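Engineer: sequence and predicted structure below; questions after.
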Amino acid sequence: MTAPLLEIRDLKVHFNLPRQSLLGPRRVLRAVDGVNLTLHEGECLSIVGESGCGKSTTALTVMGLQEPTSGEVLYKGKPLNGPGAPSRKQRARIAQMVFQDPYASLNPRQTIGSTLLSQLKLHGLASGSEAQDRVAAMLKRVGLQPDHARRFPHEFSGGQRQRIGIARALMLDPQILVLDEPVSALDVSIQAQIINLLMDLQETLRLSYIMISHDLSVVEHVSDRVAVMYFGHVVEEGDWHSVFTRPTHPYTRRLIGSVPDAEAILTGARGVPDGVAIPSGRSFSPDISIRRDPGQSSEPSALVPVGSDHRVRLAI
Amino acid sequence: MSLRFNFALGLALVVLVVLGAVLAGLIAPYDPIMDADLMNSEMPPSWEHWMGTDGQGRDVLSRVLYGARVSLTVGLISQLINSVIGTALGVSAGYFGGWWDDLVNGLTNVMLAIPSLVFALAIMAVLGPGLPSLLLALGLTNWSWTCRIARSSTLSLKNQGFVQAAKTAGFGNFNIMRTQILPNILGPVLVIATLGIGGAVLSEAALSFLGVGIRPPQPSWGNMLSDARELIRTAPWAAIFPGLAIFATVLGFNLLGDGLRDMLDPHMRTRTA
């Protein structure tokens, strides 16, 4: 296997919460608590989990929009955070992001063209008519018309806006695209179009995706690998196929069980296999949602392999 | 009444006042200071003196026209200073947060706690009367609302996708504040500013009325009101017309501000191509 394109090492993002009383204990929300992830070139890594599990915070840290409390993010072995990190401008060529809400992700007072052009100008990639051509080509690439560049965001539908959001993210030819719930704000009929567009783009542009989603059915078609996050930890991680066919952690099973599947209902086939081999002397980490106390740190174990590319977190 | 009508009325009033101020030297029938005629004092409105004469026999219309210059200068320039200070502080505080935000917030609260007119009065007492000190006194005391509005708007904008996207695209903080945040808070800031112009016109009138603003015999609507105070029973027109001028100016700017806010709404805008 080649060296990873992006590596997240023991990432922790903690937020200080206000004290409940004047002399109360200092409370800390451990949004991300020791996450290790790798992204290889050309693959799509999905991070799934319910809201509040830290998946978006992880994504924001990758983008440099959130400072980690500790841990590091490495791009081709070089750190993206801490001292010696690349500048915001250098970083922009590495990774870009597609945001969840297509209505809030475009400046209502800038035309689409000027939003896209300003990036080329900032980075000195193209100017004049060449820049115009590149904008037009990008709009065509994401399924829009070149003359849409003259329009303002409010003249577009949600699906079109998300296409513009993708165009903006691709303008600087990044290696990595972080997709934060890219379709969850869209109609179901539009979702498939956007997912197909993303898959086409990944293939033609050799992009690597980190896709954040709470909805397994959305990422099912795109993902190569998947990491299931639960309260700041990765509880199960691995090849998409093996995680889906042999979900091992109870939380993953619950998550997969929550996806309506007509075939499974008809045939009863979508099985979660029983009797997964748990290494002796270990058990799954207890459901921390029940005793969730921000001040109390849970003691996670390392991820234990249960397959060739399939790891699951157990409690010691 | 439709918004369009309100805007048109506001624009008409403001244009009227601006024209009066600019063309005062051409259209004023008398000199506002020198043409005092004690024989003709306290004359009611007539064909010779459309707004009557004041206690010293000076033409009220001419003085109202020249007074517009003072009022507009003070209103526009002091509010411009306020808007620039308030927007710069508010946007930077909201955008950066942290200790800078705490400091700006504290300062804003202090400014809001001190009655601005009293504060302006104190500054005038130190600097002495006159136009430059008026501009400074009113320009430094009324930025707190602009600052608050700018800060809260910035707070709600800075976590939106397009601001985050500008960051990930590599734009610098100053650039983001200028191109992403400022255009989107201009509407509310402009509305506050137009209200503020009206407020500054009133404050100027109040300070001049109290005798620390524009010194007589230089006409300003405030000191005209002050002078006319004793004549209110015998020559009410000497007080009514400068009062009406203040009223019309403040109303005009308020209506104009409301109209501008609606026109700046991007949903009203379409492709210019």
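Structural biologist: In hand now; what should we look at?
Engineer: going forward, measure contacts and count neighbours with C-alpha atoms only.
Structural biologist: Will do.
Engineer: name the spans of the chain whose pLDDT lies under the cut-off.
Structural biologist: Looking at chain A here, since you left the chain open. Scanning chain A for pLDDT under 70 picks out the ranges A:1-2, A:259-302, A:315-316.
Engineer: my bad, the chain I had in mind was chain B
Structural biologist: In chain B (pLDDT under 70), the answer is B:1-3, B:264-273.
Engineer: and the helices in it?
Structural biologist: B:3-22, B:24-27, B:60-96, B:98-113, B:116-127, B:131-139, B:144-158, B:161-168, B:173-176, B:182-209, B:221-228, B:237-264 (DSSP state H).
Engineer: ok, now the stretch 151-300 of chain A?
Structural biologist: Listed in chain order, the helices of the stretch 151-300 of chain A (DSSP state H, counting those that start in this stretch) span residues A:158-170, A:188-205, A:216-219, A:240-245, A:250-257, A:262-267.
Engineer: list just the one of those that sits closest to residue B:133.
Structural biologist: Across those, residue B:133 has its closest neighbour in helix A:158-170 (49.8 Å, CA to CA).
Engineer: which elements pack onto that closest one?
Structural biologist: strand A:95-98, helix A:112-122, helix A:128-141, helix A:188-205 (3 or more CA pairs under 8 Å, 6 or more residues apart in numbering or on different chains; DSSP states H and E).
Engineer: still on that earlier bit, could I get the helices of the stretch 151-300 of chain A as JSON lines with distance to residue A:56 and mean neighbour count?
Structural biologist: Formatted as JSON lines, the entries for these read as follows, by distance: least, CA to CA, whole Å; neighbours: other CA atoms under 10 Å in any protein chain shown:
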{"stretch": "helix A:158-170", "distance to residue A:56": "17", "mean neighbour count": "24"}
{"stretch": "helix A:188-205", "distance to residue A:56": "19", "mean neighbour count": "15"}
{"stretch": "helix A:216-219", "distance to residue A:56": "15", "mean neighbour count": "19"}
{"stretch": "helix A:240-245", "distance to residue A:56": "20", "mean neighbour count": "19"}
{"stretch": "helix A:250-257", "distance to residue A:56": "18", "mean neighbour count": "17"}
{"stretch": "helix A:262-267", "distance to residue A:56": "30", "mean neighbour count": "10"}
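Engineer: any chance of TSV for the ones you listed, columns distance to residue A:313?
Structural biologist: Compiled in TSV, those are given as follows (distance: least, CA to CA, whole Å):
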stretch	distance to residue A:313
helix A:158-170	34
helix A:188-205	30
helix A:216-219	20
helix A:240-245	13
helix A:250-257	10
helix A:262-267	27
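Engineer: between those, which one is nearest to residue B:205?
Structural biologist: The minimum distance between residue B:205 and those falls on helix A:158-170, with 51.1 Å, by CA to CA.
Engineer: neighbours of the closest residue to residue B:196 other than its chain neighbours, how many?
Structural biologist: Computed as CA to CA, 6 or more residues apart in numbering or on different chains, the closest residue to residue B:196 that is not its neighbour in sequence is residue B:79, at 6.1 Å. Other residues within reach of residue B:79, judged by other CA atoms under 10 Å in any protein chain shown, total 29.
Engineer: OK, contacts around residue B:79?
Structural biologist: Each residue near residue B:79 by CA atoms under 8 Å, 6 or more residues apart in numbering or on different chains is listed here: B:138-139, B:142, B:193, B:196-197, B:200.
Engineer: ok, residue B:82 touching residue B:137?
Structural biologist: No - taking CA atoms under 8 Å as the contact criterion, residue B:82 and residue B:137 are not neighbours in contact, 10.4 Å apart.
Engineer: what's the closest of the contacts of residue B:79 to chain A?
Structural biologist: Set against chain A, the nearest of those by CA to the nearest CA is residue B:193 (20.4 Å).
Engineer: tell me how far the closest one lies from residue A:130.
Structural biologist: Residue B:193 sits 41 Å away from residue A:130, taking CA to CA, to the nearest Å as the criterion.
Engineer: between the two, which has more neighbouring residues?
Structural biologist: Legend: neighbour count by other CA under 10 Å for residue B:193 and residue A:130, higher for residue B:193 (26 against 11).
Engineer: who are the contact partners of that one?
Structural biologist: Contact criterion CA under 8 Å, 6+ apart gives B:79-80, B:83, B:146, B:257 as the residues in contact with residue B:193.
Engineer: from the residues you listed, which would you call buried?
Structural biologist: For these, a burial check counting by 16 or more other CA atoms under 10 Å in any protein chain shown picks out B:79-80, B:83, B:146, B:257.
Engineer: quick check: residues of the stretch 51-200 of chain B near chain A?
Structural biologist: B:160-165, B:167-172, B:180, B:183-184 (CA under 8 Å from any CA of the partner chain).
Engineer: apply 7 Å and report the result again.
Structural biologist: Among all residues of the stretch 51-200 of chain B, those adjacent to chain A (criterion: CA under 7 Å from any CA of the partner chain) are B:160-162, B:168-171, B:180, B:183-184.
Engineer: if we can go back for a sec, save the helices of chain B as CSV, and put in distance to residue A:45 too.
Structural biologist: Compiled in CSV, those are given as follows (distance: least, CA to CA, whole Å):
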stretch, distance to residue A:45
helix B:3-22, 53
helix B:24-27, 73
helix B:60-96, 32
helix B:98-113, 35
helix B:116-127, 58
helix B:131-139, 56
helix B:144-158, 28
helix B:161-168, 20
helix B:173-176, 31
helix B:182-209, 35
helix B:221-228, 71
helix B:237-264, 43
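Engineer: how near is the residue nearest to residue B:196 to chain A?
Structural biologist: The spacing between residue B:79 and chain A, counted by CA to the nearest CA, to the nearest Å, is 25 Å.
Engineer: number of nearby residues for the residue nearest to residue B:206 when sequence neighbours are not counted?
Structural biologist: Closest residue to residue B:206 in three dimensions, ignoring its sequence neighbours and counting by CA to CA, 6+ apart: residue B:222, at 5.9 Å. Using other CA under 10 Å, residue B:222 is surrounded by 29 other residues.
Engineer: what's near enough to touch residue B:222?
Structural biologist: For residue B:222, the contacting residues are B:204-206, B:208-209, taking CA atoms under 7 Å, 6 or more residues apart in numbering or on different chains as the criterion.
Engineer: ok, which pair from those residues is furthest apart?
Structural biologist: When those are compared pair by pair using CA to CA, the farthest-apart members prove to be B:204 and B:209, with a separation of 8.2 Å.
Engineer: quick one, which of the two is more surrounded?
Structural biologist: For the pair residue B:204 and residue B:209, the greater number of neighbours falls to residue B:204 (31 against 21), based on other CA under 10 Å.
Engineer: for the more buried one, give me its contacts.
Structural biologist: Applying CA under 7 Å, 6+ apart, we find residue B:204 in contact with B:71, B:213, B:222.
Engineer: the second one touches residue B:134, doesn't it?
Structural biologist: The reference is to residue B:213. Yes - Residue B:213 lies in contact with residue B:134 (CA atoms under 7 Å); the separation is 6.3 Å.
Engineer: now whichever residue of the stretch 151-300 of chain A sits closest to chain B: closest residue in space, sequence neighbours ignored.
Structural biologist: Distances between the stretch 151-300 of chain A and chain B by CA to the nearest CA are smallest at residue A:151, namely 5.7 Å. The shortest distance from residue A:151 to any residue other than its chain neighbours is 5.3 Å, reached at residue A:111 (CA to CA, 6+ apart).
Engineer: what does residue A:137 give?
Structural biologist: Spatial nearest neighbour of residue A:137, chain neighbours left out: residue A:146 (7.2 Å); criterion: CA to CA, 6+ apart.
Engineer: am I right that that neighbour is in contact with residue A:139?
Structural biologist: Yes - Residue A:146 is in contact with residue A:139 according to CA under 7 Å; the separation is 5.7 Å.
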